[in-house]
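# Sequence and predicted structure are below.
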Amino acid sequence: MRKLLKAHDGKEVNTTDKSAVPDGAVPGYLLDREGSNKTKILSNMVKQKRKEKAGKWAVPIPKVKPLTDQEMYQVVKTGKRKRKMWKRMINKACFVGENFVRKPPKFERYIRPTGMRFTKAHVTHPELNTTFYLDIIGVKKNPQSSLYTSLGVITKGAVIEVNVADLGLVTQGGKVVWGKYAQVTNNPENDGCINAVLLV
Amino acid sequence: MTDQPHKKAKIEEEQKSQLIVQFYNAEGIPVGPELDMPDSVNPDELEQALNSIQDSQESYAFYLSNIEVRKTLKDACKEATHPYEIVVPLTFHPQSLFRVAPATRATSCLEGHTEAILCVQYSPDGMNLASAGGDTTVRLWDVLTETPFRTMEGHSNWVLLVSWSPDGKKLASAGVDGTIRLWNPETGEQIGKPLAGHRKWVNALAWEPFHVNPDSSKLASGSKDNTIRVWDITTHTVIYTISGHSASVSKVLWGGSGYIYSSSQDRTVKVWDGQTGRLVRELKGHAHWVNQLSASTDFVLRTGFYDPFAQEQAQENQKQSIALERFKKIEGKGERLVSCSDDFTIILWTPGATKDPVARMTGHQQLVSQVSYSPDGHFVVSASHDKSVKLWDGFNGQFLSNFRGHVGAVYQVCWSPDSRMFATGSKDSTVKIWSMKKKGLLVDLPGHADQVYTLDWSPDGLKLASGGRDRILNIWRS
């Protein structure tokens, strides 16, 4: 009986008074800017770092079609007998650093043809809806294989780093950002240009 | 033989001290003939020359490209690196005869608000003062005795804005609760029911100008919910709703030539037909949120028939024609508009003519929080979170001067009615008054204990009111 009575008793629930006026009034021109307090900046920075470490990105193209080795490169005949041995020519677009020097032919395993080399990409800022023609700084990650990342092969879905100094982007702390990642959205080897979306 | 080169040098020197001067008005139209003048001529003598050309009795400020002539023409030429061989183009800006003395002391610190003060505004004739704040009340203050007059309660959340109708007989307030309330300033009672319709907070209020609508029966409001609503005050209903923006509307202005100008966080400024709410023009150019708008006719539209320079004020039946006359005088070739943005730039537009920007003013290093046209429409001043205030030409957008002195973000700026000074309120808890003539700090007004959120110079020029997070309303006088 006591149990039954207790069950029918009003429960103690923490209710917030909805008519109460919140403290800390700010004028209209600051209402949209409240979010950028220091603790939030810090926690955001920590989160960002963690994300970077994990190498996980919420990217526009989360899945890419795996490419076979045959599609990636062709075998080049070498040696006195002109047999197909170990030399490969890459058929995809590449980014090759400015100070890259080719190895002597005998030791050069991967040939990256100059015709397929790119230094600039059309990068779209998804929030501003504008496209900029920016310099590529490097290839951060090629999802096909870590080998292609180190070779600087750019295929659809690859994450590249671009120079955004011209955009005037600023971190929440107030420093100017110059390098930012972007994901390639087209097949550069088919189109002859690189289109990418900035990861923000 | 020997003294010939000396003579030649002397003649050259004499020639060198002569300049050919051509006057231009602010719109770039030449006035009078080209004049031969010595380079030691000072602004007073230039003024005399110009007055004799124009048959007028006014005072002027002279600018060579973007450098003001302060001592002599020689110094200005030197500063502007202008060669002596070419005609010197001098642009003149008329100065009003009416002079405002800079406020130098706080005559009263009025307590009453129990939360931060978010908005203060003087009525168009400067005889009433309203303030609103985070304690959900709107308060009226007696201007002459500087005492509390009325407290108006009704809002259920922070009140962000107060706005006097151009006839001075009504007061509108709007807040975070999304409602707009109208008050009778005589009795302190609410007029009718609240104007409800906005789903989120209201960012801007704009009354129809006095010369179009002397009854002040129409009010436009822009809100965080992306819409602009135009209300009929007499029936308390919406006339039409504009939902053309895709993000929060940050500012609404009702221009004197029948347009409504609105800026938004969707990076655009839009021009609407005030009668029907049809889109007239879309002004694109900013790359980030547009924060504020200001029109060259802001001051005359705010004050309507009230002329601070006149000895006697208008009779009831002449008010509309006087308001129209004052508007036409400032309007010139058409209203000009400046918009400031989070992309650190300011853009000058002529919304009545084209959708292309006239000039893009760059120089600020952080977001620009406010821009304001001077009452005479000749200058623009901008306040930024980079702690600086910058002065620009109101006709072509040229940079004129930089005012540094604040140690925190500058939130608000307002002009004195004679266009000779402006005041700024900042996060660093000070109000500062800057001089156009000195191009520097005139008076520093410390006194607030916390951030200054709002300030307003009364249209009669006698007093300045400021409020902020310390909940105290300060009134400053000379």
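Cool, the structure landed. Numbering: from 1, shown residues only, chains lettered A, B, ... in the order given.
# for whichever residue of the stretch 301-450 of chain B sits closest to chain A, what are its contacts?
The minimum distance from the stretch 301-450 of chain B to chain A, using Cβ to the nearest Cβ, falls at B:Ser369 (6.2 Å). The way it works is simple: take the backbone N, C-alpha and C, and place the C-beta from them, glycine included. Contact analysis of B:Ser369 by Cβ atoms under 8 Å, 6 or more residues apart in numbering or on different chains lists A:Tyr29, B:Asn291, B:Gln292, B:Cys340, B:Ala383, B:Ser384, B:His385, B:Ala409, B:Val410, B:Tyr411, B:Gln412.
# What are the structural domain limits within the chain?
In the absence of a named chain, chain A is used. Chain A resolves into domains spanning A:2-56, A:69-198 when parsed by automatic domain parsing.
# meant chain B, my bad for not saying
Per automatic domain parsing, the structural domains of chain B span B:19-95, B:105-477.
# what mean pLDDT does the longest one have?
This points to domain B:105-477. Averaging pLDDT along domain B:105-477 yields 91.
# what's the first-to-last distance across it?
Start and end residues of domain B:105-477 are separated by 6 Å (Cα to Cα, to the nearest Å).
# neighbours around the closest residue to B:Ser96 other than its chain neighbours, how many?
The shortest distance from B:Ser96 to any non-neighbouring residue, by Cβ to Cβ, 6 or more residues apart in numbering or on different chains, is to B:Asp418 (4.7 Å). Residues lying near B:Asp418 (other Cβ atoms under 10 Å in any protein chain shown) number 20.
# And the helices in the chain?
Since you didn't name a chain, this refers to chain A. With helices called from DSSP state H, chain A shows them at A:2-8, A:28-31, A:38-54, A:69-72, A:146-151, A:188-191.
# nope, chain B
Using DSSP H, the helices found in chain B span residues B:4-16, B:43-54, B:73-80, B:298-303, B:319-331.
# Could you dump those into JSON lines with mean neighbour count and distance to B:Tyr240 added?
Below are these laid out as JSON lines (neighbours: other Cβ atoms under 10 Å in any protein chain shown; distance: least, Cβ to Cβ, whole Å):
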{"stretch": "helix B:4-16", "mean neighbour count": "10", "distance to B:Tyr240": "66"}
{"stretch": "helix B:43-54", "mean neighbour count": "16", "distance to B:Tyr240": "46"}
{"stretch": "helix B:73-80", "mean neighbour count": "17", "distance to B:Tyr240": "51"}
{"stretch": "helix B:298-303", "mean neighbour count": "24", "distance to B:Tyr240": "21"}
{"stretch": "helix B:319-331", "mean neighbour count": "18", "distance to B:Tyr240": "24"}
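# Name the residues of chain A found near chain B, please.
A:19, A:21-32, A:128, A:130, A:168 (Cβ under 8 Å from any Cβ of the partner chain).
# how about stretch B:329-343: buried residues?
B:Ile330, B:Glu331, B:Glu335, B:Arg336, B:Leu337, B:Val338, B:Ser339, B:Cys340, B:Ser341, B:Asp342, B:Asp343 (16 or more other Cβ atoms under 10 Å in any protein chain shown).
# near chain A, which of the residues you listed show up?
B:Asp343.
# pLDDT at A:Gly35, what is it?
57.
# Columns distance to B:Leu144 on top of the helices of chain B, output as a markdown table?
Listed next are the helices of chain B as a markdown table, based on distance: least, Cβ to Cβ, whole Å:
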| stretch | distance to B:Leu144 |
| --- | --- |
| helix B:4-16 | 59 |
| helix B:43-54 | 37 |
| helix B:73-80 | 45 |
| helix B:298-303 | 19 |
| helix B:319-331 | 23 |
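# what's the closest of these to A:Lys141?
Minimum separation from A:Lys141 across these (Cβ to Cβ) falls at helix B:298-303, 53.1 Å.
# contacting residues around the closest one?
Outside helix B:298-303, the residues that touch it by Cβ under 8 Å, 6+ apart are B:124-125, B:166, B:209-210, B:253-256, B:295, B:323, B:326-327, B:329-330, B:372-375, B:415, B:417, B:459.
# out of those, which are buried?
Of the contacts of helix B:298-303, these count as buried by 16+ other Cβ under 10 Å: B:124-125, B:166, B:209-210, B:253-256, B:295, B:323, B:326-327, B:330, B:372-375, B:415, B:417, B:459.
# Indicate the residue of the stretch 51-200 of chain B located nearest to chain A.
Taking Cβ to the nearest Cβ, chain A has its nearest neighbour within the stretch 51-200 of chain B at B:Gly134, 2.3 Å off.
# Grab the nearest non-local neighbour of the residue in chain A positioned nearest to chain B.
At 2.3 Å from chain B, A:Ala25 is the closest residue in chain A, using Cβ to the nearest Cβ. Ranked by Cβ to Cβ, 6+ apart and with sequence neighbours excluded, the top spatial neighbour of A:Ala25 is B:Gly134, at 2.3 Å.
# Got phi/psi on that neighbour?
Phi and psi for B:Gly134, reported as degrees, to the nearest 10, are phi -70, psi -10.
# Look up how far A:Arg81 lies from it.
87 Å (Cβ to Cβ, to the nearest Å).
# again, but for A:Thr119
Distance, A:Thr119 to A:Arg81, using Cβ to Cβ: 38 Å.
# same check, this time on A:Val184
Taken as Cβ to Cβ, the span from A:Val184 to A:Arg81 is 39 Å.
# between these two, who's got more neighbours?
A:Val184 (25 against 8).
# ok, that one - contacts?
A:Ala121, A:Ile154, A:Thr155, A:Lys156, A:Gly157, A:Ala158, A:Val159, A:Ile160, A:Ile194, A:Asn195, A:Ala196 are the contacts of A:Val184 under Cβ under 8 Å, 6+ apart.
# burial of the second one, as a residue count?
Going back to what we said before, that points to A:Ile154. By other Cβ under 10 Å, 27 other residues sit near A:Ile154.
# same thing with the last one?
Applying the criterion other Cβ under 10 Å, we find 25 residues in the vicinity of A:Ala196.
# nearest residue to it other than its sequence neighbours?
Leaving aside its chain neighbours, A:Ala196 sits nearest to A:Ala182 (3.9 Å; criterion: Cβ to Cβ, 6+ apart).
# need the residues of the stretch 301-450 of chain B near chain A, please.
Applying Cβ under 8 Å from any Cβ, we find that the stretch 301-450 of chain B lies next to chain A at B:Asp343, B:Phe344, B:Ser369, B:Gln370, B:Tyr411.
# One more pass at 10 Å, please.
Residues of the stretch 301-450 of chain B found near chain A (Cβ under 10 Å from any Cβ of the partner chain) are B:342-344, B:365-367, B:369-370, B:385, B:409, B:411-412, B:427.
# ok, back up a step: which of the contacts of B:Ser369 has the most neighbours?
Using other Cβ under 10 Å as the neighbour test, the contacts of B:Ser369 are led by B:Cys340, with 31 neighbours.
# looking at it, the residue nearest to A:Ala25 is touching A:Val21, isn't it?
Yes - contact criterion Cβ atoms under 10 Å: B:Gly134 and A:Val21 qualify, at 7.4 Å.
# shared neighbours of the two, anything?
Residues touching both B:Gly134 and A:Val21 (Cβ atoms under 10 Å, 6 or more residues apart in numbering or on different chains) are B:Glu115, B:Asn157, B:Trp158, B:Val176.
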